[in-house]
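[1] can you look at this prediction? I've put the sequence above it.
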Amino acid sequence: MSEPPNLRLHAYVSGSVQGVGFRYFVMQAANDRHLTGWVRNLHDGRVEVLAEGDHEALNGFLIQLRRGPVSAFVEDVKVDFSNARGEHTRFSVLPTGY
């Protein structure tokens, strides 16, 4: 049995990150690391990401966020870390938010 996540990453990614497969890249990177949470486009052109897992998995995930897929250009990633809340059981792509 796996341990519950102990850390939460909340990030806003800016650059050329919409319409280039970025959300699905993020979902694959999260699933590869057994993270839970979600990703969604924002109306202002950024992508918002919330992920929970262990410290090592989130650090590797953050490296992937900063690189992005070859079809994207990541200009900036604003990140906050906090304690995990355990609200999610998987990683999802959500509809566009505000």
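    Everything's here; your move.

[2] can you give me the strands for this protein?
    Taking DSSP state E, the strands of the chain run over residues 7-16, 36-41, 47-53, 73-83, 91-93.

[3] please produce JSON lines containing those strands, extended by distance to residue 64, mean neighbour count and mean pLDDT.
    The way it works is simple: take the backbone N, C-alpha and C, and place the C-beta from them, glycine included. Conversion of these to JSON lines gives the following (distance: least, Cβ to Cβ, whole Å; neighbours: other Cβ atoms under 10 Å; pLDDT from 0 to 100):
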{"stretch": "strand 7-16", "distance to residue 64": "11", "mean neighbour count": "19", "mean pLDDT": "98"}
{"stretch": "strand 36-41", "distance to residue 64": "12", "mean neighbour count": "21", "mean pLDDT": "98"}
{"stretch": "strand 47-53", "distance to residue 64": "10", "mean neighbour count": "24", "mean pLDDT": "98"}
{"stretch": "strand 73-83", "distance to residue 64": "10", "mean neighbour count": "12", "mean pLDDT": "98"}
{"stretch": "strand 91-93", "distance to residue 64": "13", "mean neighbour count": "17", "mean pLDDT": "98"}
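
[4] right, and these - which one's nearest residue 26?
    With respect to residue 26, and counting by Cβ to Cβ, the nearest of these is strand 36-41 at 4.4 Å.

[5] neighbouring strands for the closest one, and are they parallel or not?
    Each strand paired with strand 36-41, and its direction, by DSSP bridges: strand 47-53 (antiparallel), strand 91-93 (parallel).
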